[in-house]
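What shape does this take:
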Amino acid sequence: MTTTTTTPAIEVAGLRKAFGDKVVLGGIDLRIPAGSIFALLGPNGAGKTTMVQILSTYLRADSGSARIAGHDVVAEADRVRAAIGVTGQFSAVDNKLTAEENLWLMADLHHLPKAEGRRRAAELLERFDLVEARKKLAAVYSGGMRRRLDLAMSLVGEPRIIFLDEPTTGLDPRSRHTMWEIIRDLVARGVTVFLTTQYLEEADELADRIAVLDHGVFVAEGSPAELKRRIPGGHVELRFADDRALDLAARTFGEVTRDDEARTLQIPSDGGVRSLRALLDRMDHAGIEPEGLSVHTPDLDDVFFALTGHPTEEKVSR
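Model (predicted):
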């Protein structure tokens, strides 16, 4: 179950940051409820990491305000740091230490009593499937194991909010899916996740809400489904067993995309329940019985391209 509270996990108003003449954040407003996953998307250099650094107290904004778990990131930085965990693009794991020793070190940094630190480390080793490797130096770990250990280290202090800055970059698909399950489990335990990622499939799979950052401003914000519905190109494809049924449907629906060879019609649709119900009612009234029906909606790659004018780094690299 997710945590419910009247205080948002993250609240941002008018956040601005520039480096010289380059405006990285141009007045960001944001409110993220507790116990949810928020994904921040944007091209390289859009300001995603800068925003994470400001919200996690590593960097000061030029103006505006930000509150984490109800605490001001400037006036109450110590309280903010006590409430959060941060995992960046580059691992904080010490290669010269074992998994166990890395976790003990984090427990010491959080000033946990020795017995409590050992108990917490053992619990995290179990949760992240690192028990068998706990005595091995981190230098010999695979990329997926290092990412799991890195995330485990950020959870030693039992944070209520965790920032994941491109946590699965460079991982193979299996390791990425393992990380997704870990992230879902965190949220089920009431943790709020602020995720930046270049993998749109990742945002689609995980996020309750997504914002697209480009040239220092949010160009869109909403649930994955809401963002997809904003982009034209969605349609319902009807497939027919014979030409007579295809002709009847074509006459009924008028201006549609027809493929005589495949015996299909593409009817513009946003893919929503209401529009699908209306389409089915119309077919039933006209006596149209397709052999098959499929719904095609724009994906987040289409959304990203439409909003920013270029594909994601993920698509460019393919």
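
can you map out the helices along the stretch 151-300 of the chain?
173-188, 200-206, 224-229, 243-253, 273-286, 300-308 (DSSP state H, counting those that start in this stretch).

export those helices to JSON lines and tack on mean pLDDT and distance to A39?
The C-beta positions use only the backbone N, C-alpha and C, and glycine is treated the same way. Shown next, in JSON lines, are these (pLDDT from 0 to 100; distance: least, CB to CB, whole Å):
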{"stretch": "helix 173-188", "mean pLDDT": "90", "distance to A39": "11"}
{"stretch": "helix 200-206", "mean pLDDT": "90", "distance to A39": "4"}
{"stretch": "helix 224-229", "mean pLDDT": "84", "distance to A39": "9"}
{"stretch": "helix 243-253", "mean pLDDT": "93", "distance to A39": "37"}
{"stretch": "helix 273-286", "mean pLDDT": "91", "distance to A39": "24"}
{"stretch": "helix 300-308", "mean pLDDT": "78", "distance to A39": "10"}
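
So which of those helices is nearest G143?
Closest to G143 of these, according to CB to CB: helix 173-188, at 6.5 Å.

residues in contact with that closest one?
By CB atoms under 8 Å, 6 or more residues apart in numbering, the list of residues contacting helix 173-188 from outside reads 1-2, 35-37, 127-128, 142-144, 147-148, 151, 155, 162, 164, 167-168, 171, 193, 195, 199, 202, 205-206.

Only the buried subset of the residues you listed, as a ChimeraX command please.
Command for ChimeraX that selects the buried part of those, burial taken from 16 or more other CB atoms under 10 Å:
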select :35,36,37,127,128,144,147,148,151,155,162,164,167,168,171,193,195,199,202,205,206
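
So which of the contacts of helix 173-188 belong to strands?
The strands, defined by DSSP state E, take in I37, I162, L164, V193, L195 from those.

I figured the last one was touching A39, is that so?
Yes - proximity of L195 to A39 meets the contact threshold set by CB atoms under 8 Å, at 4.7 Å.

intersection of neighbour lists for those two?
The contact lists of L195 and A39 share E202, A203, L206, A207, where a contact means CB under 8 Å, 6+ apart.

got the ones in strands among the contacts of helix 173-188 as JSON lines, with pLDDT and distance to A122 columns?
Output for the ones in strands among the contacts of helix 173-188, formatted as JSON lines (pLDDT from 0 to 100; distance: CB to CB, whole Å):
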{"residue": "I37", "pLDDT": "97", "distance to A122": "27"}
{"residue": "I162", "pLDDT": "95", "distance to A122": "20"}
{"residue": "L164", "pLDDT": "92", "distance to A122": "23"}
{"residue": "V193", "pLDDT": "96", "distance to A122": "24"}
{"residue": "L195", "pLDDT": "95", "distance to A122": "27"}
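
and the residues you listed as TSV, adding distance to R119?
Below are these laid out as TSV (distance: CB to CB, whole Å):
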residue	distance to R119
I37	28
I162	20
L164	25
V193	24
L195	28
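
Would you check that R239 makes contact with P290?
Yes - between R239 and P290 there is a contact under CB under 8 Å: 5.9 Å.

Which residue of those two possesses the greater neighbour count?
Using other CB atoms under 10 Å as the criterion, R239 and P290 rank with P290 on top: 19 against 16.

Compute the distance between the residue nearest to V219 when sequence neighbours are not counted and A207, please.
Nearest residue to V219, sequence neighbours excluded (CB to CB, 6 or more residues apart in numbering): L307, at 4.7 Å. Relative to A207, L307 is positioned 16 Å away (CB to CB, to the nearest Å).

Who is L293 paired with across the strands?
L238 (DSSP bridges).
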